[in-house]
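Student: this one's structure only:
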């Protein structure tokens with residue numbers, strides 16, 4: 001058998017093969033290194049500014065107060081014989097509330113009537129004497145002095161009759177005051193006295209208090225700064241009150257629900273409270289069911305006017321710097337991102353009302369803010385379409 005020959009390979013040859021395999025590019029690209037693909041253009045969702053008509057309102061805290069309040073006090077002295085109402089119920093004007101012992105006043109009225117009758121009984125005799133003296137004067141049967149004396153007595157008798165008539169009327173009025181009546185209709189509170197109590201005319205402690213609750217007032221303080229700002233907006237034309245019922249006011253109850261009936265702005269006070277720097281707006285609300293009670297805390301939604309070219313942007317599109325100044329990112333005509341400082345007025349729902357910094361046609365970025373920076377090129381899609389995905 002022939003022995004197979006084994007050829008020895010030189011180490012230098014093996015080294016050359018390894019170097020060539022590392023240096024020569026794979027794939028036969030002619031020795032050029034391939035460049036990485038460009039990064040994709042980021043996509044952002046934006047809204048295009050279109051001015052719209054918005055009715056502006058402001059929420060102001062307020063408290064309810066009774067439409068009318070009457071504190072019941074006696075006008076004569078005496079003992080309370082009977083209370084003639086149930087505490088906490090509705091009473092009508094003229095309804096008898098308390099009965100004061102009428103006996104002393106009935107007696108005074110009887111005496112006054114007797115004195116009047118006595119004075120009226122003397123009057124005819126004196127008047128007849130005056131007529132006789134008048135006929136005798138031409139014949140010199142009586143002197144002029146006698147006639148003058150009798151005429152004076154007649155005038156005194158007539159005056160006494162008038163005085164006694166006034167006394168009778170006063171006694172009748174005082175007797176009527178023994179029945180303490182309600183001056184207004186409304187809801188009466190607790191009684192301050194019971195049967196057998198001694199009361200005096202014009203005493204400081206009221207017997208009871210009546211409050212008219214339908215309608216009812218809501219007193220709302222408004223700062224003078226807000227008042228001046230509103231007047232400036234109306235003057236410059238940024239707000240318009242034409243065509244809107246500005247005196248209608250809505251009410252938010254303490255539990256957050258909306259009161260079923262609208263109120264009417266009655267007046268605005270002209271005196272500024274020096275401790276709070278505010279004026280009072282008084283609003284009248286119908287209250288047929290008695291839902292509103294005096295002293296309740298409420299929020300009144302007062303109409304300011306209509307902004308016919310309001311600029312609204314979603315709240316998530318606004319960012320703030322370290323000082324709290326608001327700003328947005330917009331996409332210019334060249335498709336690049338630009339920062340824009342803005343001034344905000346107030347929140348309306350989930351949007352901000354912009355006072356300045358934006359104009360019609362601006363494209364404000366709402367989503368994708370984290371993926372872009374000023375000066376970068378972006379691809380814009382409508383914000384509504386992005387939300388629907």
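Tutor: Thanks, I have the structure now. Just so it is clear, the model here is predicted, and its values are computed rather than measured.
Student: List phi and psi for residue 49.
Tutor: Phi and psi for residue 49, reported as degrees, to the nearest 10, are phi -70, psi 120.
Student: Same question for residue 143.
Tutor: Dihedral angles of residue 143 (phi, psi; degrees, to the nearest 10) stand at phi -80, psi 160.
Student: And residue 372, how far from residue 335?
Tutor: To residue 335, residue 372 is 11 Å away according to CB to CB, to the nearest Å. For glycine as for every other residue, the C-beta is placed from the backbone atoms N, C-alpha and C.
Student: Touching both of these two, which residues are there?
Tutor: Taking CB atoms under 8 Å, 6 or more residues apart in numbering as the criterion, residue 372 and residue 335 both touch residue 378.
Student: need the helices for the chain, in chain order.
Tutor: Ranges of helices in the chain, per DSSP state H, are 11-23, 103-136, 144-177, 224-236, 383-388.
Student: Which of those helices sits closest to residue 58?
Tutor: Residue 58 sits nearest to helix 224-236 of all the helices of the chain, at 7.1 Å, using CB to CB.
Student: what's the average pLDDT for that closest one?
Tutor: For helix 224-236, the mean pLDDT works out to 76.
Student: list the helices and strands it packs on?
Tutor: strand 278-285, strand 297-314 (3 or more CB pairs under 8 Å, 6 or more residues apart in numbering; DSSP states H and E).
Student: Which elements pack onto the last one?
Tutor: The contact analysis (3+ CB pairs under 8 Å, 6+ apart) places strand 297-314 against strand 52-72, strand 208-223, helix 224-236, strand 248-252, strand 278-285, strand 351-356, strand 363-367.
Student: One more pass at 6 Å, please.
Tutor: strand 52-72, strand 248-252, strand 351-356 (3 or more CB pairs under 6 Å, 6 or more residues apart in numbering; DSSP states H and E).
Student: Not counting its own residues, what contacts the second one?
Tutor: The set of residues external to strand 248-252 that reach it, using CB atoms under 6 Å, 6 or more residues apart in numbering, is 258, 259, 262, 263, 265, 283, 298, 299, 300, 301, 302.
Student: Of the helices and strands packed on helix 224-236, give the one that comes closest to residue 356.
Tutor: Among those, strand 297-314 comes nearest to residue 356, with 9.0 Å by CB to CB.
Student: So the nearest residue to residue 94 once chain neighbours are set aside versus residue 362, what's the distance?
Tutor: Ranked by CB to CB, 6 or more residues apart in numbering and with sequence neighbours excluded, the top spatial neighbour of residue 94 is residue 181, at 5.5 Å. For residue 181, the distance to residue 362 (CB to CB) stands at 70 Å.
Student: higher neighbour count, the two?
Tutor: Neighbours per residue (other CB atoms under 10 Å) separate residue 181 from residue 362, with residue 362 holding more: 21 against 16.
Student: Below-threshold pLDDT in this structure: ranges please.
Tutor: In the prediction, the chain carries residues with pLDDT under 70 at positions 1-35, 236-246, 385-389.
Student: Okay, the nearest residue to residue 339 once chain neighbours are set aside and residue 332: tell me how far apart.
Tutor: In this structure, residue 339 finds its nearest non-sequential neighbour in residue 374, 5.2 Å apart by CB to CB, 6+ apart. Using CB to CB, residue 374 is found at 11 Å from residue 332.
Student: ditto for residue 53
Tutor: Taking CB to CB, one finds residue 53 at 28 Å from residue 332.
Student: Residue 221 too?
Tutor: Separation of residue 221 from residue 332 (CB to CB): 46 Å.
Student: more neighbours, those two?
Tutor: Taking other CB under 10 Å, residue 221 and residue 332 do not tie; residue 221 has more neighbours (16 against 11).
Student: Please verify my assumption that that one contacts residue 279.
Tutor: No. Counting by CB atoms under 6 Å, residue 221 stays clear of residue 279, with 7.1 Å between them.
Student: For the spatially most central residue of the chain, give its distance to residue 37.
Tutor: What sits nearest the mean C-alpha location of the chain, by CA atoms, centre = their mean, is residue 300, with 3.5 Å. Noted for residue 300: a distance of 62 Å to residue 37, by CB to CB.
Student: picking up where we left off before, may I see the helices and strands packed on strand 297-314 organised as JSON lines, with mean neighbour count added?
Tutor: Below are the helices and strands packed on strand 297-314 laid out as JSON lines (neighbours: other CB atoms under 10 Å):
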{"stretch": "strand 52-72", "mean neighbour count": "16"}
{"stretch": "strand 248-252", "mean neighbour count": "19"}
{"stretch": "strand 351-356", "mean neighbour count": "18"}
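Student: Tell me which of those strands approaches residue 192 most closely.
Tutor: strand 52-72 (8.6 Å).
Student: From the contact counts, what lies against the closest one?
Tutor: Using 3+ CB pairs under 6 Å, 6+ apart, strand 52-72 sits against strand 208-223, strand 297-314.
Student: want to try JSON lines for these, with distance to residue 176 as columns?
Tutor: Formatted as JSON lines, the helices and strands packed on strand 52-72 follow (distance: least, CB to CB, whole Å):
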{"stretch": "strand 208-223", "distance to residue 176": "19"}
{"stretch": "strand 297-314", "distance to residue 176": "42"}
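Student: Quick check: which of those strands is nearest to residue 139?
Tutor: strand 208-223 (71.2 Å).
Student: Check the offset of that closest one from the chain's centre.
Tutor: Counting by CA atoms, centre = their mean, to the nearest Å, strand 208-223 is centred 11 Å from the centre of its parent chain.
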